[in-house]
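>>> got a sequence here, can you model it:
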Amino acid sequence: MIKEILDKFFKTTQTTPQPKEPPISQAEVEALINAKLKEHAATIENVVAEKVIEKQNAGEDDYKLTSKQVEYALSLIDKVKDEFELAIAPTELTVKDLNRLIAYQRYKNKGTLINLLKKGVLKKK
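Numbers count the residues shown, from 1 in each chain. Prediction:
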């Protein structure tokens, strides 16, 4: 009996069975790569779309004006009525437009009026 035990310890003939994995074909590899590339492209498109939306929302001063702000903007436009007139409806004015008009009044910088011309808010007489 001791001999059997010693034989078991010293003569281990048991081998652990290695699981046999089938070889992967070239078509399977290409299919996996294409799937990963499509997944990666979709992720990139989503990230880019989110960044564009974020950028539009973050830097957006295109909020509509209240009635008092519209009156104030019209009074500022009246001060430059010798050269320019309003090209859009007063209700279409935005906060950004008002800020540009205020900047012109404060600093007398014609560049702000040129920006309003380019945007189509003002037009020359």
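>>> make it CA atoms for all contacts and neighbour counts henceforth
Noted.
>>> what ranges do the strands span in this protein?
Assigned by DSSP state E, the strands in the chain fall at 84-86, 122-124.
>>> from Thr94, how far out is Ile88?
Per C-alpha to C-alpha, to the nearest Å, Ile88 is found 11 Å from Thr94.
>>> likewise for Pro22?
Distance from Pro22 to Thr94, by C-alpha to C-alpha: 66 Å.
>>> which of those two has more neighbours?
Legend: neighbour count by other C-alpha atoms under 10 Å for Pro22 and Thr94, higher for Thr94 (19 against 6).
>>> what sits against the residue nearest the centre of the chain?
The chain has Lys51 as the residue nearest its centroid, 1.4 Å off, counting by C-alpha atoms, centre = their mean. Residues near Lys51 by C-alpha atoms under 8 Å, 6 or more residues apart in numbering: none.
>>> can you pull the buried residues of stretch 79-98?
84-86, 93-98 (16 or more other C-alpha atoms under 10 Å).
>>> from those, which is closest to Glu30?
When the buried residues of stretch 79-98 are compared for distance to Glu30 (C-alpha to C-alpha), Lys96 wins out at 52.2 Å.
>>> mind pulling up the pLDDT for the closest one?
Predicted confidence (pLDDT) at Lys96: the value is 90.
>>> Lys124 now?
pLDDT for Lys124: 90.
>>> in the sheet, who's paired with it?
Beta bridges link Lys124 to Phe84, judged by DSSP bridges.
>>> low pLDDT regions in this structure?
Residues of the chain meeting the criterion pLDDT under 70: 12-18, 55-62.
>>> how does it divide into domains?
27-60, 67-124 (automatic domain parsing).
>>> tell me which of those is the most buried.
domain 67-124 (a mean of 15; mean count of other C-alpha atoms under 10 Å).
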